[in-house]
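please find the sequence and the predicted model below.
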Amino acid sequence: MAAVAAAAAVSSPLPPSTSPSSTTATTSTTTKTTTTASSPPAAAAAAMSSKSSWIALGCEGSANKLGIGLIRHTPTSTTILSNLRHTFISPPGTGFLPKDTALHHRTEFVALARRALAEAGVRPADVDCICFTQGPGMGAPLTSVAIGARTLALLWDRPLVGVNHCVGHIEMGREVTGADNPVVLYVSGGNSQVIAYAERRYRIFGETLDIAVGNCLDRFARVLSISNDPAPGYNIEQLAKKGTRLLDLPYVVKGMDCSFSGILASAEALAAQLLQLGPGPEGAGFTVEDLCFSLQETIFAMLVEITERAMAHVGSSQVLIVGGVGCNERLQEMIASMAKERGGSVFAMDERFCIDNGIMIAHAGLLAYRTGFRTPLEESVCTQRFRTDDVYVNWRD
Amino acid sequence: MTATAAEAAAPHDFPLPKILTNPASTPPTLITQGAEGRLYKTTYLLPDIPCALKYRPPKPWRHPVLDQRLTKHRILSEARILSKCRRDGLRVPDVYALDEAAGWLMLEWVQGTPVRVNINQRLGSRTEGIEDDEELKDLMRRIGAAVGKMHSIGVIHGDLTTSNMMLKPPAQQQQTTDGATGLEGEIVIIDLGLASGGVHDEDRAVDLYVLERAFGSTHPRAECIFGEVLDAYRQSYKQAGVTLKKLEDVRMRGRKRSMLG
Amino acid sequence: MAVEIVQLEHVPSSYRIHLALFRNVKNAGFLHQQLLARNADFEYAFIDASTIVSRVHLLSAVFKAVNSSVNGTLRTPNVHSEIVVSLSSSSNIADAYRRFGVSPSTSDLFVVKVTFPSSATPEPPSADSISQHLTDNVEGDAVPATDETIRTITDVRTVRKSYKLNGLAWLDAIKDELLKRQEIERLILGGMALRGV
């Protein structure tokens, strides 16, 4: 696990091409890292002083990935016991609808949970808490997974811990990369935020004013019927590598915030032109590859800009990239170049942790659990809107 | 390009923009290194005309075509807004020269200190009697009037803080003469790098909200007299009342919206 | 007469700027004609001095033109025509020549000569030879180009029209003439920098 903590260009091998409903096992049962998270406050620590090892099961399902994983913390180490993912992949030209995605998660939950336990070699009695994504995300899939988590909690008589999805990404990123106090660029299908920690909260310095960057890429892919397997963003990235011509697209940054809806509309219009006229000098004069290239160059430049502004603002030279879009090598390369010029470095994640997964929920949940945090059953309702800065982070100084 | 401790700690010695490698009577001084670019103090035309040079260096991670497009656009946009403000009678730095392809903008060097410094000097370690400090309250009213004037001509600053306003002391006055409070002078709004044209109450209200928040965190002890800023703002143009009403909404919800996952 | 050599900040040392001001010019028509005929012996910026409000105003145009020359981004045939065009706040070149350049009716004249070594003239003309050539060809009284003198020459009404500075109530409200002129100069600099872009 420590191997992924490389700076600058981090390779992010994508899973081998998967069939439209596949399980991706990314488990590593033996690796250990020294935990970088600070110790829990004295009171909470004293209350649990007899314990020297904790195990959490994490359930993630805020979008089209169902992820279940188990993690073990000791005072000095963090061990991933299992980390399984099952992705709902919709046909090209379509997005994943809440109803279908929720059905997928409900259908797969039990089997995935059984496999996660088996792979971890853990009995239900060994598990200290059941962590689940309480938001933000799509309502129906979130609720399906929450029902699964509540069922396990009642069945095994273990406490629930509701976790903010974004905080899960951030904590996993810090754990895996060893980045101590970075500015976090969190970019995924549902979120685009620049975050920095201050006074017990992950504060949002900049964010999208409309749609998320991943949503922009996904919807663009649909217009050109680019495959959703393994992910639309991955396929756009491969096409972009062959693009050469930069087309003019709107570039909208306001301070530390940015907007992607205008770019999407322009890219969609160009895509329609391309479909009608065809590429080549007689047609539209550009190719699908050029369009993917232009889209990436423009929106990633925007992300780098707001990240740089936040770094200058808080005086940090470290950046951590998390979220599904963070797998993109071109984005990683651009951020790395910017960070280097500022005398710092970038920490990027590989696809096991960039893409939504259960282990990050287990990890962030267990950090909170160890400080005494619990989510009573009657308060375990999911919320589609759950801001990163709503979470009180009492496991950090 | 507000100076902060973080920005001052530049990791490298940056190469000068080409224009500053030409001979001059005094060597240029790097004042700040922000995310936007760098600010140098240098001279315009003659040794006795100090000027500020804002330089936006190329960003090697950006596609060169996009980089040029953005740099040109931003240099021109800031210069246009400054020029518009000046024509409409708002005191902002004069535009001396620019080269949008080379990425620099030369502006008047505004004498004086950022208002932040004047306020903090005045406050010192005082904790009492601040709400009765008439000279300080008068400064607040000049700030409100300047911001109101800016909004009345359809300009939104985008980054209003007490660091982005200069207090230019009166030309003849010696700072040390009897009765001088260090608070006299003209407010000059600076750093319009994020400014835009805007006529919506919402934009103006957010601009004020940003100032209010920045003021509160920079001068917590003087927060009790921030009302003077808004009172003077209210008097400064016709629709100011509507903007202030909107400000209440903006305060209620905060800058940040609730978000969908 | 003596031609003044002006040292500008941030101009490459190979560039030399010569400046002269003539009053009561009698042969403006002849000088104008030399420009129209593209007479290579008359490579000067001839500027109608009534359009200039201060030294800084004129030198700003020189600085802009030299910068364009250095960068190879001249919009006109040479650095001298570029100086005239740089005075304008619009991008219309013909209009700039007409407003700021010498005309047969010009009586007060600024002459600017910029020299630098080039492949055509590795050894640019000396200040003395420039001075001599001007003495021989400009029929007028050479005077020092001070701001005091310039103030007596400026046609403020025309200047304000050229730079679209009419109808600015706050400007009209300034009673102190020196202060008002200073504000006008400042507005002109901004207009020139943006040159209608």
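Cool, the structure landed. Numbering: from 1, shown residues only, chains lettered A, B, ... in the order given.

isn't C:Phe22 up against C:Gly140?
Yes - using Cβ atoms under 8 Å, C:Phe22 is in contact with C:Gly140, at 3.6 Å. Where you see a C-beta, it was placed from the backbone N, CA and C, and this is true even at glycine.

ok, the residue nearest to A:Phe386 when sequence neighbours are not counted - contacts?
Excluding the flanking residues, the one nearest A:Phe386 by Cβ to Cβ, 6 or more residues apart in numbering or on different chains is A:Gly135, at 3.2 Å. The neighbourhood of A:Gly135, defined by Cβ atoms under 8 Å, 6 or more residues apart in numbering or on different chains, consists of A:Ser62, A:Leu142, A:Asn164, A:His165, A:Cys382, A:Thr383, A:Gln384, A:Arg385, A:Phe386, B:Gly261.

by neighbours, which of these wins?
A:Ser62 (32 neighbours; other Cβ atoms under 10 Å in any protein chain shown).

what's the closest non-adjacent residue to the one residue in chain C that gets nearest to chain B?
Here the residue of chain C nearest chain B is C:Trp170; by Cβ to the nearest Cβ that distance is 3.7 Å. Closest residue to C:Trp170 apart from its sequence neighbours, by Cβ to Cβ, 6+ apart: B:Gly89 at 3.7 Å.

what is the burial count for that neighbour?
By the measure other Cβ under 10 Å, the count of residues near B:Gly89 is 15.

one step back: now, the contacts of A:Gly135 that are in strands?
Under the assignment DSSP state E, these contribute A:Asn164 to strands.

tell me which entries of the contacts of A:Gly135 lie within helices.
Counting by DSSP state H, these place A:Leu142, A:His165 in helices.

and the contacts of A:Gly135 as TSV, adding pLDDT and distance to A:Leu217?
Below are the contacts of A:Gly135 laid out as TSV (pLDDT from 0 to 100; distance: Cβ to Cβ, whole Å):
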residue	pLDDT	distance to A:Leu217
A:Ser62	95	18
A:Leu142	97	22
A:Asn164	97	23
A:His165	96	19
A:Cys382	95	25
A:Thr383	92	25
A:Gln384	90	21
A:Arg385	86	22
A:Phe386	90	23
B:Gly261	33	17
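
pretty sure B:Pro57 sits against B:Pro17.
Yes - here B:Pro57 lies in contact with B:Pro17, judged by Cβ under 8 Å, at a distance of 7.2 Å.

between these two, point out the one with more neighbours.
B:Pro17 (20 against 15).

low-confidence ranges, the stretch 1-150 of chain B, go.
B:1-13 (pLDDT under 70).

apply 80 and report the result again.
B:1-14, B:34-36 (pLDDT under 80).

which parts of it are helices?
In the stretch 1-150 of chain B, the segments counted as helices under DSSP state H, counting those that start in this stretch are B:5-8, B:64-87, B:115-123, B:134-152.

what's the very next helix or strand once past the last one in contact with?
Later in the chain than helix B:134-152, the nearest helix or strand by DSSP states H and E is strand B:155-156. Outside strand B:155-156, the residues within contact range by Cβ under 8 Å, 6+ apart are B:Ile81, B:Lys84, B:Cys85, B:Leu90, B:Leu192, B:Ala195, B:Ser196, B:Gly197, B:Gly198, B:Asp203, B:Arg204, B:Asp207.

going along the chain from strand B:155-156, find the next helix or strand for me.
Helices and strands here follow DSSP H and E; after strand B:155-156, the next one along the chain is strand B:165-168.

so what secondary structure elements neighbour that following strand?
If you count contacts as 3 or more Cβ pairs under 8 Å, 6 or more residues apart in numbering or on different chains; DSSP states H and E, strand B:165-168 packs onto strand B:113-114, helix B:115-123, helix B:134-152, strand B:186-189.

just so I know, which of those lies nearest chain C?
Across the helices and strands packed on strand B:165-168, closest to chain C is helix B:134-152 (Cβ to the nearest Cβ), at 10.2 Å.

residue contacts, A:Trp156?
Contacts of A:Trp156 (Cβ under 8 Å, 6+ apart): A:Pro124, A:Ala125, A:Val127, A:Ile130.

would you check that the last one makes contact with A:Pro159?
Yes - applying Cβ under 8 Å as the test, A:Ile130 and A:Pro159 come out as touching, 7.3 Å apart.

so which of these two has more stuff around it?
Counted by other Cβ under 10 Å, A:Ile130 and A:Pro159 do not tie: A:Ile130 has more neighbours, with 30 against 15.

can the helix or strand harbouring C:Phe22 be found next to chain B?
In this assignment (DSSP H and E), C:Phe22 forms part of strand C:16-23. No - shown here: strand C:16-23 not in contact with chain B (Cβ under 8 Å from any Cβ of the partner chain), separated by at least 10.7 Å.

with just CA atoms, put that strand into PDB.
Taking Å, rounded to 0.1, in the frame of the first residue of the first chain, the C-alpha atoms of strand C:16-23 are listed here in PDB:
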ATOM      1  CA  ARG C  16      18.700  56.000 -28.400                       C
ATOM      2  CA  ILE C  17      15.800  58.400 -28.300                       C
ATOM      3  CA  HIS C  18      16.200  62.000 -29.500                       C
ATOM      4  CA  LEU C  19      13.600  64.700 -28.800                       C
ATOM      5  CA  ALA C  20      13.200  68.200 -30.100                       C
ATOM      6  CA  LEU C  21      10.400  70.800 -29.900                       C
ATOM      7  CA  PHE C  22      10.000  73.600 -32.500                       C
ATOM      8  CA  ARG C  23       7.700  76.600 -32.200                       C
END
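
next secondary structure element downstream of that strand?
helix C:28-36.

output that following helix as CSV, restricted to C-alpha atoms.
C-alpha atoms of helix C:28-36 as CSV (Å, rounded to 0.1, in the frame of the first residue of the first chain):
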residue,chain,number,x,y,z
ALA,C,28,5.1,72.2,-41.8
GLY,C,29,3.6,71.6,-45.3
PHE,C,30,7.1,70.7,-46.6
LEU,C,31,7.7,68.3,-43.7
HIS,C,32,4.3,66.7,-44.2
GLN,C,33,5.1,66.3,-47.8
GLN,C,34,8.3,64.4,-47.1
LEU,C,35,6.4,61.9,-45.0
LEU,C,36,3.8,61.4,-47.7
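
wouldn't B:Gly154 be in contact with B:Ser196 here?
No - with contact defined as Cβ under 8 Å, B:Gly154 does not count as touching B:Ser196 (9.7 Å).

separation between B:Ile130 and B:Leu123?
The spacing between B:Ile130 and B:Leu123, counted by Cβ to Cβ, to the nearest Å, is 7 Å.

any idea how far the residue nearest in space to the middle of chain B lies from C:Thr158?
When Cα atoms, centre = their mean is applied to chain B, the residue found nearest the centroid is B:Asn164 (2.5 Å). Counting by Cβ to Cβ, the separation of B:Asn164 from C:Thr158 is 38 Å.

contacting residues for A:Gly233?
A:Gly214, A:Leu217, A:Asp218, A:Ala221, A:Gly324, A:Val325, A:Cys327, A:Asn328.

go again with 6 Å.
A:Leu217, A:Val325 (Cβ atoms under 6 Å, 6 or more residues apart in numbering or on different chains).

so it, which state does it fall into?
helix (DSSP: H, G, I helix; E, B strand; the rest coil).

can I assume B:His251 sits in a strand?
You called it His, but residue B:251 is Arg. No - residue state for B:Arg251 (three-state DSSP) corresponds to helix; a strand is not indicated.

can you confirm A:Leu84 is in a strand?
Yes - judged by three-state DSSP, A:Leu84 forms part of a strand.

with adjacent residues omitted, what lies nearest to it?
A:Ala116 (5.0 Å).

next, the one you found: secondary structure please.
Following three-state DSSP, the label given to A:Ala116 is helix.

appreciated, that's everything.
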